[in-house]
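Generate a structure from the sequence data that follows.
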Amino acid sequence: MGRITETVKVLLIINVIFFIGSITLGDKAIELFGLWFPKNENFEFWQIITHMFMHGDIGHIFFNMFALYMFGSLLEQSIGQKKFLFIYFSAGLGAVGFQILFTYLKFNPGYQAYLEAGFTPDQIVSFIQESMQAGQYKIYPGISQELTENMLRSFSTPMVGASGAIFGVLSAFALIFPNLPLYIMFIPIPIKAKYLIGGYFLLDLYAGITGQAILGPSNVAHWAHIGGAVIGFITMWYWKKNSFNQNRWH
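Sure thing, here's the model as predicted:
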């Protein structure tokens, strides 16, 4: 979609550097720079930013960077560097907020069930850590397997990837260029940006609510995607609504 902008180029380079570095460091990289659940001992404040530059595998980084390359430069050319960066990072932070909120909603019922069963907070943390190290856990009377699994998974699964920021870019792009025809690989029929990006958002919303992914792997942080898209959309909608001259977004 035209010339790549310097900002997008720098973001691509930083993401690739982080990915190469994470391969070198192995699991330590995710431990240090992935975003962990706040109650997890691995959680650090800088992970709120660094997780946006971490990716789980080559497919993960490829599709995120491909989307950034395809849509980022045109968006930046339209709204300017400062606003583009604001959307990118605010959407990434919005993704953090949504994902942590819904992770808490998964974690807390199990946590409360163990408290009511007589466990102390420290004992619950020890139980989680021992269960994750052993790869199995004990089922206690009166506490369902589902509650326990949700608690364990929420506590021990880090979030990585630029997807939240990318979804913010995509939703802003769809708001500026709603009728721009886009093509999906292997499908020779153009689809307007508002339908393609909007449809992908709805699939993520469905997966977030039901826990059943229609597209992609099951370990996707769907609420992070939704959070990034919502922040990107609201921000772009506000700028358009309050601009007297849409050509002066720079």
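
For the protein, just list every one of the helices.
6-25, 27-33, 47-50, 58-67, 73-79, 81-116, 121-134, 145-156, 163-176, 193-210, 222-241 (DSSP state H).

ranking the ones you listed by mean pLDDT, which is last?
Note on the helices of the chain: helix 193-210 shows the lowest mean pLDDT, a mean of 85.

May I see the buried residues of it?
For helix 193-210, a neighbour-count test (16 or more other CB atoms under 10 Å) marks 193-194, 196-198, 200-201, 203-204, 207-208 as buried. Bear in mind the C-beta positions are built from the backbone N, C-alpha and C, glycine included.

can you put those residues in CSV and add distance to Asn150?
As requested, these are exported to CSV (distance: CB to CB, whole Å):
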residue, distance to Asn150
Ala193, 36
Lys194, 35
Leu196, 33
Ile197, 30
Gly198, 30
Tyr200, 26
Phe201, 25
Leu203, 22
Asp204, 20
Ala207, 16
Gly208, 14
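
Identify, from these, the entry nearest to Phe127.
When the buried residues of helix 193-210 are compared for distance to Phe127 (CB to CB), Gly208 wins out at 27.6 Å.

In contact with the residue nearest to Ile128 when sequence neighbours are not counted, which residues are there?
Of all residues not flanking Ile128 in the chain, Phe155 sits nearest, at 5.1 Å (CB to CB, 6 or more residues apart in numbering). Counting by CB atoms under 8 Å, 6 or more residues apart in numbering, Phe155 touches 37, 39-40, 107, 128, 132.

Now do the lengthiest strand in the chain against helix 163-176: the angle between them, please.
Secondary structure of the chain per DSSP state E: the longest strand is strand 187-192. Interaxial angle, strand 187-192 versus helix 163-176 (axes from the mean of the first three to the mean of the last three CA atoms, to 10 degrees): 70 degrees.

Give the pairing partners of strand 187-192; include direction for each.
strand 181-184 (antiparallel) (DSSP bridges).

quick one: contacts of the strand it pairs with?
When contacts are defined by CB under 8 Å, 6+ apart, strand 181-184 is touched by residues 189-193, 196.

just the CA coordinates of it, formatted as CSV?
Only the C-alpha atoms of strand 181-184 are listed here, as CSV (Å, rounded to 0.1, in the frame of the first residue of the first chain):
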residue,chain,number,x,y,z
PRO,A,181,-11.3,-2.5,-1.2
LEU,A,182,-9.1,-5.1,0.5
TYR,A,183,-8.2,-8.6,-0.6
ILE,A,184,-7.8,-11.8,1.5
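
what separates that strand from the chain centre, distance-wise?
In this view, strand 181-184 has its centroid 23 Å away from the chain centroid, taken as CA atoms, centre = their mean, to the nearest Å.

buried ones in it?
In strand 181-184, counting by 16+ other CB under 10 Å, buried: Leu182.

what's the average pLDDT for that strand?
In this model, strand 181-184 has an average pLDDT of 79.

pretty sure Ser154 contacts Leu101?
No. Contact criterion CB atoms under 8 Å: Ser154 and Leu101 do not qualify, at 11.4 Å.

The two: who's more crowded?
Ser154 (22 against 11; other CB atoms under 10 Å).

who's in contact with that one?
Each residue near Ser154 by CB under 8 Å, 6+ apart is listed here: 37, 103-104, 106-107.

Check His51 too.
33-35, 96, 158-161.

tell me the pLDDT at it?
On pLDDT, His51 comes in at 95.
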